[in-house]
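Novice: Below is the structure, and that's it, no one-letter string:
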């Protein structure tokens with residue numbers, strides 16, 4: 001009798017635990033920059049993209065409600081890592097989508113490596129995340145420094161821009177972008193004459209721009225992004241670099257950067273991305289829904305629709321796999337085709353890299369802009385297989401299996 005009573009209590013406990021697990025929300029952490037340099041290209045727009053993905057999926061997966069948990073990493077790797085650890089260990093977060101900062105992305109990827117959570121990297125742009133640092137629990141959704149360097153570095157050099165000077169942000173992303181672009185420029189027959197670094201969230205670029213001007217380089221490339229990039233471009237215009245014959249190249253550019261510096265300064269600027277808000281009818285339709293709800297009422301940038309796409313695909317993979325086990329779900333994400341406006345028909349590799357086509361666009365002259373935010377002419381499309389790091393050059397052990 002006593003043995004039966006003990007067994008009944010245990011079974012009741014198991015039943016209560018199973019019931020609690022079945023009703024507990026499936027939580028997805030959205031870790032972004034909401035208050036600093038990348039807030040325009042990330043921030044509330046990324047959170048909105050994630051929420052729209054959950055809504056369009058139906059709000060539930062495996063019979064459980066889906067909950068988005070947003071947080072601000074403040075561009076600090078230690079804060080990002082602390083948030084990620086607490087999310088997983090205290091709140092059973094099953095996946096973390098990260099945006100805005102490569103240093104934070106490396107820290108979060110290290111956290112999930114030994115825990116049961118998936119890492120959905122959207123805006124951590126360093127190509128090393130999917131190279132030596134890759135994990136079987138991670139996917140890499142947006143463009144990276146290798147693809148940015150391969151497209152712009154190669155195209156500009158072969159078009160005659162065969163001498164370069166870099167103005168580089170002094171942190172992980174900036175150095176990765178300069179290093180990757182240097183390799184591509186050299187491979188295309190060009191040479192790098194020098195570089196000058198600037199601190200993160202900088203306001204005065206006079207020293208760096210004077211060095212660039214004095215170098216005599218045909219190309220001045222900005223290995224930075226967001227407010228650093230737009231501020232540097234405005235000062236470069238004041239210093240007369242472009243009017244003096246030097247070609248200005250942005251290596252990571254967003255439409256809000258164009259707004260910040262103005263079309264007069266940005267005209268002629270060429271850059272690469274996985275698409276702009278009006279790249280296709282499907283992209284434009286989604287973007288208009290986004291703009292109607294976005295607090296800045298600006299078109300989305302690739303990170304915003306990247307958050308939508310990766311979380312929607314993650315939920316579809318969870319449903320198909322019938323589990324929240326991170327490795328199982330990520331393997332299913334790689335197996336399933338991507339069928340949305342972001343990168344329709346794109347395929348995945350074993351390292352988690354999404355091989356989406358890369359678009360090269362040129363900013364129009366102010367006189368050529370006829371509709372709001374219709375700022376770009378498409379000048380080239382590079383297949384994903386040709387833009388991203390080839391398997392033969394990768395050090396990711398997942399590609400060697």
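Specialist: That came in fine, so what should we check first? The structure presented is a predicted model; accordingly, all values stated were derived computationally and were not measured.
Novice: So which residues of the stretch 201-350 of the chain form strands?
Specialist: 219-223, 247-250, 270-273, 347-348 (DSSP state E, counting those that start in this stretch).
Novice: contact partners of the shortest one?
Specialist: Judged by Cβ atoms under 8 Å, 6 or more residues apart in numbering, the contacts made with strand 347-348 from elsewhere in the structure are 139, 333, 334, 335, 337, 338, 354, 355, 384. Just so you know, the C-beta spots here come from the backbone N, C-alpha and C atoms, and that holds for glycine as well.
Novice: Among these, which one lies nearest to residue 251?
Specialist: Of all the contacts of strand 347-348, residue 384 has the smallest distance to residue 251: 18.4 Å, by Cβ to Cβ.
Novice: Please report the distance of the nearest residue to the closest one once chain neighbours are set aside from residue 345.
Specialist: Nearest residue to residue 384, sequence neighbours excluded (Cβ to Cβ, 6 or more residues apart in numbering): residue 355, at 3.3 Å. In this view, residue 355 and residue 345 are 10 Å apart by Cβ to Cβ, to the nearest Å.
Novice: got it, and residue 153?
Specialist: Distance, residue 153 to residue 345, using Cβ to Cβ: 26 Å.
Novice: Between those two, which has more neighbouring residues?
Specialist: residue 153 (28 against 10; other Cβ atoms under 10 Å).
Novice: does that one really touch residue 189, like I thought?
Specialist: No: using Cβ atoms under 8 Å as the test, residue 153 is too far from residue 189 to be in contact (11.3 Å).
Novice: Count the residues that sit near residue 356.
Specialist: 27.
Novice: who's in contact with the closest residue to it other than its chain neighbours?
Specialist: Leaving aside its sequence neighbours, residue 356 sits nearest to residue 343 (Cβ to Cβ, 6+ apart; 3.5 Å). When contacts are counted by Cβ under 8 Å, 6+ apart, residue 343 touches 274, 275, 309, 354, 356, 357, 384.
Novice: at 7 Å instead, please
Specialist: Shown in contact with residue 343 (Cβ atoms under 7 Å, 6 or more residues apart in numbering): 274, 354, 356.
Novice: before we move on, what about residue 167?
Specialist: Contacts of residue 167 (Cβ under 7 Å, 6+ apart): 196, 198, 205, 208, 209, 212, 220, 222, 223, 232.
Novice: could you measure residue 231 against residue 37, distance?
Specialist: Distance from residue 231 to residue 37, by Cβ to Cβ: 10 Å.
Novice: List the buried residues for stretch 155-169?
Specialist: Judged by neighbour count using 16 or more other Cβ atoms under 10 Å, the buried positions of stretch 155-169 are 155, 156, 157, 161, 162, 163, 164, 165, 166, 167, 168, 169.
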